[in-house]
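Peer 1: kindly generate the corresponding structure for this input.
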Amino acid sequence: AVVLVLAAGLSLATMGWRQARLLANFERLYRKSLADDQTQWPNDPAQWTSNILNLVGVLNNEHKYAEVDKLFESLLPSSNMSQSQRANALAYAGNLRARSGRFEEAVADLKRMVKADPSEPWSWYVLAPLLIQSGQIVEYRSHCKAMLNRFGATSDPIAGGRAAKACLLSPSALGPEELT
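Peer 2: Numbering: from 1, shown residues only. As a prediction, the model looks like this:
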């Protein structure tokens, strides 16, 4: 039995080592691709988006959060990005930061995403639980009011459903007088 436990432990350690090596290889490849993009399109950071997001995913898995932040900060100020590219990059940043327990930063990203594309109900929807998780209950209530004002009378059942679900996460989100 002891031999089996030791073998299982070694197997898990080997698997962790292999994954770390694989991530390091991907990191190296994405950094090279990003450098190539930056050489080919030096004045167009929007062209770098794909490789930055791939690299960010690898760095996040390696828990290199400071490097992730640096990459997002180099990408997001780009004036060459379309509104949807900027919203997608902010969604990705918010998602990664939330998954790593960095809720305040995720909220900031997702607020910027809502501002970048306020017509997209998904961004409003994913922001709501993060406001609660980060303890911003007053902001959550305000967010629900704004979300219902924007999507409450929609004929799109998905947008309406997301607004309803987001506003039902906390029993005190809205009072009856605010639902009319």
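Peer 1: and stretch 132-149, what's buried?
Peer 2: Ile132, Gln133, Ser134, Gln136, Tyr140, Arg141, His143, Cys144, Lys145, Met147, Leu148 (16 or more other Cβ atoms under 10 Å). Every C-beta, even on glycine, is put in place using the N, C-alpha and C of the backbone.
Peer 1: what does stretch 44-55 give?
Peer 2: Of all the residues in stretch 44-55, those buried under the rule 16+ other Cβ under 10 Å are Pro45, Ala46, Gln47, Trp48, Thr49, Asn51, Ile52, Leu53, Asn54, Leu55.
Peer 1: quickly find the element holding the most centrally placed residue in the chain.
Peer 2: In the chain, the residue lying closest to the centroid (Cα atoms, centre = their mean) is Asn95, at 2.1 Å. Using DSSP states H and E, Asn95 falls within helix 83-99.
Peer 1: and Leu29, by the same measure?
Peer 2: Here Leu29 is assigned to helix 2-40, by DSSP H and E.
Peer 1: average pLDDT for the helix or strand that that helix is followed by, rounded please.
Peer 2: For helix 2-40, the following helix or strand on the C-terminal side (DSSP H and E) is helix 49-61. For helix 49-61, the mean per-residue pLDDT is 84.
Peer 1: which parts of the next helix or strand after helix 49-61 are buried?
Peer 2: Counting by DSSP H and E, the next helix or strand C-terminal to helix 49-61 is helix 65-75. Across helix 65-75, burial judged by 16+ other Cβ under 10 Å covers Glu67, Val68, Asp69, Leu71, Phe72, Leu75.
Peer 1: quick one on the thing from earlier: from the buried residues of stretch 132-149, pick the one nearest Ser172.
Peer 2: Of all those, Ser172 sits closest to Arg141, with 7.5 Å by Cβ to Cβ.
Peer 1: with that, I have no additional questions.
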